[in-house]
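> show me how the following folds:
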Amino acid sequence: MTSVHTQLPYGYYTLPYCRPSAIEDARENLGEHLAGDLIENSRYVLTMMDEVPCSVLCETNLTREDVNLFRKRIQQEYRVHWIVDNLPSATITDPDQEIYEAGFPVGEITEDKELYFLNNHVAITIYYHQDPALYTGYRIVRFAVKASSIAHSPDYNRDDPTSYPKTCPLPKSPETHPTPLVLPANSNGTRVIFTYSVQWNASDIAWSSRWDVYLKMTNGQVHWFSIVNSLMIVLFLSSLVAVIMTKILRRDINRYKELEMTPDVEETGWKLVHGDVFRPPTNSMLLSVSVGAGIQTLIMVFITIIFAVLGFLSPANRGALMKTMVVLFAFMGLFAGYFAGKLYKSFKGKAWKKLTLLTAFLYPGIDFVIFFTLNALVKGQKSSGAVDWSVLLTLTGLWGGISVPLTFLGAFVGFQQVIPDPPVKVHQIPRQIPEQVWYLKPTFSILMGGILPFGAIFIELFFILTSIWQHQFYYMFGFLFIVFIILFITCAEITVVMCYFQLCAEDYDWWWRSFLTAGASALYVFLYSVFYFFTKLQIYSVVSTLLYFGYTFIMSLHFFLLTGAIGFYACYYFVSIIYKYIKAD
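Numbers count the residues shown, from 1 in each chain. Below is the predicted model:
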């Protein structure tokens with residue numbers, strides 16, 4: 001059961017529903033555990049092509065605590081999620097346009113919040129496809145559930161399993177409006193009869209297309225024109241920036257070559273700082289660790305999107321996306337260590353052991369501490385979203401048994417690489433950086449530089465946040481791949497532009513600036529997530545709020561590292577290339 005108001009999933013049998021003789025957990029992989037998908041068996045009996053007009057599942061007396069718990073879950077708008085043949089249950093909200101909403105509500109509540117109705121009857125409709133030319137038998141292609149509240153009369157034979165109350169609505173009979181089952185506050189001994197019906201309908205939907213209708217579950221339509229328009233604007237701006245930079249650089253290089261023929265003329269612009277442009281930055285170890293972690297996240301995201309585009313991570317594979325991201329992140333520690341070690345060696349760093357330890361434990365440690373803290377809070381709410389100690393041990397094993405050794409291996413290989421000399425020599429005495437104009441000062445230029453990368457992804461970010469926090473399917477992986485490529489290009493180009501302006505202003509301290517310029521887009525991602533929280537979600541509890549902002553911080557942190565690494569290497573190669581074309585004494 002899930003609710004958009006609490007973000008805390010609960011097991012089906014945490015409410016006093018009809019229980020089977022033995023409850024079995026059918027979760028299959030690490031991703032399902034991390035997502036809080038608690039899959040359990042039930043007492044419902046479904047036989048292929050066997051229609052059930054009405055059947056009594058069980059009859060139970062609810063205690064005062066049971067009634068209050070049901071009322072609480074109804075008020076929080078919890079929805080029940082079932083699975084048949086790996087298809088999720090759904091409620092038909094618009095039969096004409098075939099729009100479905102995931103799951104069905106536990107109950108209903110009046111607008112004045114005085115009356116609470118418990119949905120104790122479910123009408124199950126299963127759609128099947130048959131094609132004797134291709135296969136024998138039937139294939140289930142859709143699973144719809146309509147829940148209703150009915151105050152059943154007790155006039156049925158409890159010794160006869162085929163007997164059911166007269167108040168039970170029959171699937172093919174005219175629609176009636178029975179008296180709903182009201183749950184009075186603090187009532188004791190409320191008797192509830194749970195019933196269900198099963199109907200089988202033939203469908204023209206092929207088995208390969210059975211997930212298509214579930215991907216239309218969002219209440220709002222996807223604004224394709226707005227998304228494409230935004231991407232075209234970003235592409236146009238990126239192309240324009242690339243053209244301008246190419247022309248300006250060609251003019252600068254030609255001018256510097258002409259000045260070389262007249263040695264009495266004083267150097268100006270970015271050539272003037274050639275003796276300091278490759279001077280190692282302050283906190284070079286932290287920068288190396290951050291760049292390495294960014295490359296780790298970048299490669300993990302890229303491979304995950306590729307797998308998703310190829311169809312390996314479809315919604316039918318429950319937990320596959322989460323599992324893939326976690327496992328890939330652990331294995332990508334190899335690249336984190338390699339790039340961090342190689343970069344740190346280019347800075348003439350000597351404390352390679354400390355660097356390797358920081359690369360292996362700094363940012364993954366921040367993730368683990370936040371996750372462990374949030375998991376403890378969720379566990380205190382007795383939610384199925386809390387992972388048990390076996391899963392925590394599995395995650396610790398992935399970190400300590402795979403990620404850390406691979407990080408050490410990558411760092412060792414990185415330190416063994418031969419670092420080429422920079423195109424120009426570094427002067428022994430650092431040059432004084434002149435006073436910068438207001439728009440080239442670090443804080444302003446960094447904040448301005450992060451706007452364009454954020455503009456490339458903010459519309460797609462809305463759909464990602466909606467899929468995560470409003471429990472909807474996300475399936476536009478092909479479009480996400482395009483957005484990712486646009487983000488990559490935008491981060492690289494905006495960083496190169498800002499780096500060029502900085503060097504022209506005789507400010508050679510570009511190492512951290514290049515990382516922070518592209519990484520500043522993560523600040524706007526976090527601020528947009530705050531805006532989304534207050535405008536699109538209705539979360540009021542402290543634990544749910546901490547859960548949202550905790551995971552949002554982790555997402556923003558890794559987005560900062562990813563974009564920062566892109567910007568850093570774009571600026572690094574840009575600076576290396578332009579200083580190859582000049583002669584410096």
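
> pull out the buried residues from stretch 486-495.
In terms of neighbour count (16 or more other CB atoms under 10 Å), stretch 486-495 has its buried residues at Ile486, Leu487, Phe488, Ile489, Thr490, Cys491, Ala492, Glu493, Ile494, Thr495. C-beta coordinates here come from the backbone N, C-alpha and C atoms, glycine included.

> kindly report the same for stretch 67-84.
Neighbour counts over stretch 67-84 (16+ other CB under 10 Å) mark Val67, Phe70, Arg71, Arg73, Ile74, Gln76, Glu77, Tyr78, Arg79, Val80, His81, Trp82 as buried.

> next step: the residues you listed restricted to helices.
When the buried residues of stretch 67-84 are checked against helices using DSSP state H, the ones located there are Val67, Phe70, Arg71, Arg73, Ile74.

> residue ranges with poor pLDDT in the stretch 151-300 of the chain?
Within the stretch 151-300 of the chain, the stretches falling below the threshold (pLDDT under 70) are 172-176, 216-227, 229-230, 233, 237, 240, 244, 248-249, 252-271.

> save the buried residues of stretch 486-495 as CSV, and put in pLDDT, secondary structure and distance to Phe549 too.
Compiled in CSV, the buried residues of stretch 486-495 are given as follows (pLDDT from 0 to 100; DSSP: H, G, I helix; E, B strand; the rest coil; distance: CB to CB, whole Å):
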residue, pLDDT, secondary structure, distance to Phe549
Ile486, 87, helix, 28
Leu487, 90, helix, 23
Phe488, 92, helix, 27
Ile489, 89, helix, 30
Thr490, 89, helix, 27
Cys491, 92, helix, 25
Ala492, 91, helix, 30
Glu493, 87, helix, 32
Ile494, 90, helix, 28
Thr495, 92, helix, 28
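
> pick the one among the residues you listed closest to Lys348.
Set against Lys348, the nearest of those by CB to CB is Thr495 (24.0 Å).

> ok, now which ones touch that closest one?
Residues touching Thr495, when contacts are defined by CB atoms under 8 Å, 6 or more residues apart in numbering, comprise Gly449, Ser514, Thr517, Ala518, Ile566, Gly567, Phe568, Ala570, Cys571.

> what do you get if the cut-off is 10 Å, keeping everything else the same?
Residues counted as contacts of Thr495 (CB atoms under 10 Å, 6 or more residues apart in numbering) are 449, 453, 510, 513-519, 563-564, 566-572, 574.

> which one is it nearest to, not counting chain neighbours?
Nearest in space to Thr495, with sequence neighbours left out and distances taken as CB to CB, 6 or more residues apart in numbering, is Gly567 at 3.6 Å.

> right, and the one you found touches Pro453 too?
Yes. At 8.5 Å, Gly567 counts as touching Pro453 under the criterion of CB atoms under 10 Å.

> list the residues that contact both of those two?
Thr490, Cys491, Ala492, Glu493, Ile494, Thr495, Thr517, Ala518, Gly519, Ala520, Ser521.

> ok, so of the residues you listed, who is nearest Ser148?
Sorting the shared contacts of Gly567 and Pro453 by distance to Ser148 puts Ser521 at the head of the list, at 48.1 Å, by CB to CB.

> report the helix or strand with the lowest average pLDDT across the protein.
Of all regular secondary-structure elements in the chain, judged by mean pLDDT, DSSP states H and E, the least confident is helix 224-259 with a mean of 67.

> list the buried residues for whatever helix or strand comes next after it?
Toward the C-terminus, helix 224-259 is succeeded by helix 284-309 as the next helix or strand (DSSP states H and E). Within helix 284-309, the residues that qualify as buried by neighbour count (16+ other CB under 10 Å) are 284-285, 287-302, 304-305, 307-308.

> got the angle between the helix or strand just after helix 284-309 and helix 284-309?
Moving toward the C-terminus from helix 284-309, the first helix or strand encountered (DSSP H and E) is helix 320-331. Compare the direction of helix 320-331 with that of helix 284-309 by axes from the mean of the first three to the mean of the last three CA atoms, to 10 degrees and you get 150 degrees.

> tell me what helix 320-331 is packed against?
Helices and strands in packing contact with helix 320-331 are listed as helix 30-35, helix 284-309, helix 352-380, helix 389-397, helix 404-416; criterion 3 or more CB pairs under 10 Å, 6 or more residues apart in numbering; DSSP states H and E.

> buried ones in the third one, by neighbour count?
By that I understand helix 352-380. Taking 16+ other CB under 10 Å as the neighbour-count basis, helix 352-380 is seen to contain the buried residues 352, 355-361, 363-364, 367, 370-371, 374-375, 377-378.

> report the distance from it to the chain centre.
Between the mean C-alpha location of helix 352-380 and the chain-wide mean there is a distance of 19 Å, by CA atoms, centre = their mean, to the nearest Å.

> what does the fourth one give?
Averaging C-alpha coordinates over helix 389-397 and over its chain gives two centres that are 21 Å apart (CA atoms, centre = their mean).

> other SSEs contacting that helix?
helix 30-35, helix 320-331, helix 352-380.

> which of the shared contacts of Gly567 and Pro453 lies closest to Asn120?
Ser521 (50.0 Å).

> residues near the closest one, how many?
When counting by other CB atoms under 10 Å, one arrives at 30 neighbours for Ser521.

> now it: how far from Arg139?
Going from Ser521 to Arg139 by CB to CB, to the nearest Å gives 46 Å.

> same question for Ser208.
With distances defined as CB to CB, the gap from Ser208 to Arg139 amounts to 10 Å.

> same thing with Gln428?
As for Gln428, its distance to Arg139 is 76 Å (criterion: CB to CB).

> neighbour count winner among these two?
Neighbours per residue, other CB under 10 Å: of Gln428 and Arg139, the larger number sits with Arg139, 18 against 6.

> partner residues bridging the more buried one?
Going by DSSP bridges, Arg139 is paired in beta bridges with His129.

> for Gly365, what are its contacts?
Shown in contact with Gly365 (CB under 10 Å, 6+ apart): Leu358, Trp399.

> where does it land on pLDDT?
Per-residue pLDDT puts Gly365 at 96.

> next one: it from Val378, what distance?
20 Å.

> doesn't Phe312 make contact with Ile306?
Yes. The pair Ile306 and Phe312 passes the contact test of CB under 10 Å, sitting 9.0 Å apart.

> looking at this protein, which strand is longest?
Under DSSP state E, the strand in the chain containing the largest number of residues is strand 190-202.

> would you put the C-alpha positions of it in CSV?
Output in CSV follows, covering the C-alpha atoms of strand 190-202 (Å, rounded to 0.1, in the frame of the first residue of the first chain):
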residue,chain,number,x,y,z
THR,A,190,-17.7,-3.6,13.8
ARG,A,191,-18.5,-6.6,11.6
VAL,A,192,-17.2,-6.6,8.0
ILE,A,193,-17.9,-9.0,5.2
PHE,A,194,-15.2,-9.0,2.5
THR,A,195,-16.4,-10.1,-0.9
TYR,A,196,-15.2,-10.2,-4.5
SER,A,197,-16.3,-11.0,-8.0
VAL,A,198,-14.2,-12.1,-11.0
GLN,A,199,-15.0,-11.4,-14.6
TRP,A,200,-13.0,-12.5,-17.7
ASN,A,201,-13.2,-10.4,-20.9
ALA,A,202,-11.6,-11.0,-24.3
